[in-house]
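Peer 1: A structural model of the following input is requested.
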Amino acid sequence: MSYIKGYDPETLREIVDAHQCRERLDELGDQRSLPALLERVWLLKVLGRLEDALVVSEQSVRVARMGGTRKDLLRARILHASVLQLRGAYAAAQQELTTCAEEAEGQGWASLAAFAYQHRGKVSFDAEEYLQARSDFKRWLLLRQESGAPDDELEPAIVAIEAAERRRSSAVAS
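Peer 2: Residues are numbered from 1 along each chain as shown. Next up is the predicted model:
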C-alpha cells in the first residue's frame, strides 16, 4: 500500500494520508528489524515527528552497519540525511547524500543512486540552491529512466525539475 497520495508542487514534500501513516506506525510498534526501522523513520518523518525520526534513523544506520548489506546501509544513510534536511541541517545532509550517491553510482546501483540524488536535490531546493537542485533532479530522472521505471514513477522527478526551474526564475526576477 502506498501512503503517498502525491507531492506538493511548491515544497516537494510527500502528501500522505496521516491517519493511515499513524495506523501503520502503531502496527510496527517497537519492531527492530531493519525494514521496520526504515519504515518507521519514513513514517515519523512524513508525520512531522522529526525528533523521533532522528533517533530511529540513527538506530537504523547502526543496525544496517552491524548486520545489513552495503545497500541496506546506503538506504538507512539516505533516510537519515532526509531527516537532517527537514531539521534544517542542510550541509550535513548534503555531505551524506553526496557520499551515498557516489558510492551507489560506483557500485552500479542506479535505483539507490537515484534515491540519493532525489533527496540531495530536495536539500538544495530547501536551501534555495535551485540550479544544483535542478541538476540533481535531472540526474534522478535519468537514472530512473535508465533503470526502466514506469512513467508514473518518473512523474515526481519531472515535477521537481519544473519546481526548481520555477523557483530559479522567480529568484532571478526578484
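Peer 1: please make it C-alpha for all contacts and neighbour counts, starting now.
Peer 2: Fine.
Peer 1: so residue 159 sits against residue 11, correct?
Peer 2: No: taking Cα atoms under 8 Å as the definition, residue 159 is not a contact partner of residue 11, at 10.8 Å.
Peer 1: the more surrounded of these two?
Peer 2: residue 159 (17 against 12; other Cα atoms under 10 Å).
Peer 1: helix or strand for the more buried one, which one?
Peer 2: Assigned by DSSP states H and E, residue 159 belongs to helix 151-173.
Peer 1: look at the residue positioned nearest the centre of the chain and report its pLDDT.
Peer 2: Residue closest to the mean C-alpha point of the chain, counted by Cα atoms, centre = their mean, is residue 119 at 4.1 Å. Looking at residue 119, its pLDDT stands at 98.
Peer 1: for residue 58, same thing?
Peer 2: 98.
Peer 1: I'd like to know which elements the worst-scoring helix or strand of the chain on mean pLDDT is packed against.
Peer 2: Lowest mean confidence among the helices and strands of the chain (mean pLDDT, DSSP states H and E): strand 4-7, at a mean of 89. Where contact means 3 or more Cα pairs under 8 Å, 6 or more residues apart in numbering; DSSP states H and E, strand 4-7 is packed against strand 14-16.
Peer 1: got the buried residues for the strand it packs on?
Peer 2: residue 16 (16 or more other Cα atoms under 10 Å).
Peer 1: walk me through which strands that strand pairs with, and which way each runs.
Peer 2: Using DSSP bridges, strand 14-16 pairs in its sheet with strand 4-7 (antiparallel).
Peer 1: ok, and what's touching the helix or strand residue 97 falls within?
Peer 2: Using DSSP H and E, residue 97 falls within helix 90-107. By Cα atoms under 8 Å, 6 or more residues apart in numbering, the list of residues contacting helix 90-107 from outside reads 74, 77-78, 81-82, 84-85, 110, 112-114, 116-117, 119-120, 123-124, 127.
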